[in-house]
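1. Quick one: sequence plus predicted model below, questions after.
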Amino acid sequence: MQQHDLLIVGAGPVGLALALSLKDAGLDIVLADTRPADAAAADPRVLALSHGTRLTLEQLGVWQTLSPTDIRTIHISQQGSFGRTCLQADDYDLPALGHVLPAGGLAKALRTAVERAGITILDNTEVTRLAPTATDVAISLRGQHASTRYARLAACAEGGMAQDDPEVVEHDYHQHALIAQVGSHGGHRHTAFERFTASGPMALLPCGQGYAVVHVVDEQRADQMLALDDARYLALLQHTIGQRVQLEGITDRLRYPLLLRYRRKPTGQRTVWLGNAAQTLHPVAGQGFNLALRDVHALAQAVLGHTSDPGSHAVLSAYQGARGLDRLGTIRFTDGLVRLFSNDIAPLRHARGAGLFALDICPPLRHFIAKRMMFGARAWP
């Protein structure tokens, strides 16, 4: 019988970060992932990392191995209406408000560090069943490392949430995110743009020498836009963002459906859910991975306080208590933004414009929003 202290389901950035957070705790840790070893490193999406996330990655010893693009200014506006606001890193004495880098690059750096720490990763291995008891979790594995293993704590860092699970809340936004890479005449000057439109937000994130685009539209328009050739779609993006930046060239066009899905309670008997296994958020404001890494940090701190039994009720109770406000606050914050801005009702449009104008002329309110985006609902750390 193979007994572990912690088995992590998923060897993507969230699962790898958790393993790395506990590498010096003297625990027997193993990760299991359905994909081949190099799959996570090939993820084409980009991540917007908050300043708080940077601090965590520095603590894990991987930040210095990355090549992120800094975000020093965030320009927020609404199409077809007055009102805009800007967040500046200089206002907070920071080198950057956030950073952008490919998800695959972060996964590769984290995996290299985990392997260097001697932590086992079971690739091509699917977790098919978790059966918790009072003392451990029986974990059924299928694939390259088919077996039954036991762990005192199972941490689910990836995997879907069953639609018929009463603990899962789901809302279909009926929107898709169209992502792409675009160039810009004159460079990006480390400025990110968030542009709200009637069908959804559009973000331009400085990435490398150009921009990563996240363009949210309803399902029908997504089909129509994917049918456009590159030149016509680039012209549409230019019309949406206005003349603040001159776009040129486009590559790597993909699409993803958007849902809000989260577990009411991210803990169970000797089991905890993190990252997309706990909550899948709309990409507006780029909070998904940043929230997940705050979850990882809090769980690691709870486990480090009770290494004699990482799956005990004391650990999971401490973790849930520490994360309740930030987790639900971030879920409601992003969902509220989507509902508030994804319509074209005239009174609301004018109210939104007035709100953006108020943010621009009221530094305390602007700073509150900025710190929430950098550190979460509890201004962590």
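-> The structure has been received and is ready for your questions.

2. Test for you: state the pLDDT assigned to residue 253.
-> Looking at residue 253, its pLDDT is 94.

3. Helices along the stretch 1-150 of the chain, start to end?
-> Here the stretch 1-150 of the chain has its helices, by DSSP state H, counting those that start in this stretch, at 13-21, 51-59, 103-116.

4. Where does pLDDT dip in the protein?
-> 80-83, 163, 341-381 (pLDDT under 70).

5. tell me the centre residue of it?
-> residue 289 (2.0 Å; CA atoms, centre = their mean).

6. Which parts of the stretch 51-200 of the chain are strands?
-> 69-71, 73-78, 84-88, 98-102, 120-122, 125-132, 137-143, 147-156, 168-184, 191-197, 200-207 (DSSP state E, counting those that start in this stretch).

7. Which one of these lies nearest to residue 29?
-> When the strands of the stretch 51-200 of the chain are compared by CB to CB, strand 120-122 sits nearest residue 29, at 7.7 Å. C-beta coordinates here come from the backbone N, C-alpha and C atoms, glycine included.

8. any residues touching the closest one, and which ones?
-> Applying CB atoms under 8 Å, 6 or more residues apart in numbering, the external contacts of strand 120-122 come out as 11, 29-33, 37, 111, 114-115, 141, 144-145.

9. which of the residues in that strand are buried?
-> 121, 122 (16 or more other CB atoms under 10 Å).

10. Figure out how far it is from the centre of its chain.
-> 23 Å (CA atoms, centre = their mean, to the nearest Å).

11. circling back: list buried members of the contacts of strand 120-122 by neighbour count.
-> Among the contacts of strand 120-122, the ones that count as buried by 16+ other CB under 10 Å are 11, 29, 30, 31, 32, 33, 111, 114, 141, 145.

12. Return the member of the residues you listed nearest to residue 208.
-> residue 111 (21.6 Å).

13. How about that closest one, nearest residue that isn't a chain neighbour?
-> Excluding its sequence neighbours, the residue lying closest to residue 111 (CB to CB, 6 or more residues apart in numbering) is residue 16, at 5.7 Å.

14. Kindly report the same for residue 292.
-> residue 275 (4.0 Å).

15. Residue 131 now?
-> Nearest residue to residue 131, sequence neighbours excluded (CB to CB, 6+ apart): residue 138, at 4.2 Å.

16. what's the neighbour count on that neighbour?
-> Residue 138: 15 surrounding residues under other CB atoms under 10 Å.

17. Repeat that for residue 306.
-> For residue 306, the neighbour count with other CB under 10 Å is 15.

18. Start the count at 13 instead of 1 going forward.
-> Sure thing, new numbering starts at 13, so read that last one as residue 318.

19. Spit out the contact partners of it.
-> 324, 326, 327, 330.

20. That one is in what secondary structure piece?
-> Residue 318 is part of no helix or strand when elements are defined by DSSP states H and E.

21. contacting residues for the residue nearest to it when sequence neighbours are not counted?
-> Residue nearest to residue 318 in three dimensions, not counting chain neighbours: residue 327, with 4.8 Å by CB to CB, 6+ apart. Residue 327 is in contact with 165, 314, 315, 317, 318, 321, counting by CB under 8 Å, 6+ apart.

22. how many degrees apart are whichever strand or helix holds residue 327 and strand 85-90 in direction?
-> According to DSSP H and E, residue 327 maps onto helix 325-353. On the basis of axes from the mean of the first three to the mean of the last three CA atoms, to 10 degrees, helix 325-353 is oriented at 50 degrees to strand 85-90.

23. So what's the gap between helix 325-353 and the chain middle?
-> With CA atoms, centre = their mean as the basis, the mean position of helix 325-353 lies at 13 Å from the chain mean.

24. for it, which positions count as buried?
-> Of all the residues in helix 325-353, those buried under the rule 16+ other CB under 10 Å are 327-328, 330-332, 334-335, 338-339, 342-343, 345-347, 349-350, 353.

25. mind listing what's buried in stretch 315-322?
-> 315, 321, 322.

26. picking up where we left off before, closest one of the contacts of residue 318 to residue 102?
-> Closest to residue 102, out of all of these and judged by CB to CB, is residue 330, at 37.7 Å.

27. How much space separates the closest one from residue 76?
-> 31 Å (CB to CB, to the nearest Å).

28. and if you look at residue 60?
-> Distance, residue 60 to residue 76, using CB to CB: 20 Å.

29. quick one, which of the two is more surrounded?
-> Legend: neighbour count by other CB under 10 Å for residue 60 and residue 76, higher for residue 60 (27 against 8).

30. What residues are bridge-paired with that one?
-> Counting by DSSP bridges, residue 60 is bridged to residue 112.

31. Correct me if wrong: it contacts residue 112.
-> Yes. Contact criterion CB atoms under 8 Å: residue 60 and residue 112 qualify, at 5.6 Å.

32. Return the distance of stretch 71-85 from the chain's centre.
-> 15 Å.

33. first to last residue in it, what's the distance?
-> 25 Å (CA to CA, to the nearest Å).

34. Stretch 216-229 too?
-> Per CA to CA, stretch 216-229 runs 15 Å from first to last residue.

35. Using TSV, please lay out the contacts of residue 318 together with distance to residue 256.
-> Formatted as TSV, the contacts of residue 318 follow (distance: CB to CB, whole Å):
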residue	distance to residue 256
324	53
326	52
327	48
330	46
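
36. Identify the residues contacting the nearest residue to residue 203 once chain neighbours are set aside.
-> Excluding the flanking residues, the one nearest residue 203 by CB to CB, 6+ apart is residue 85, at 4.4 Å. Counting by CB under 8 Å, 6+ apart, residue 85 touches 98, 99, 100, 101, 109, 201, 202, 203, 204.
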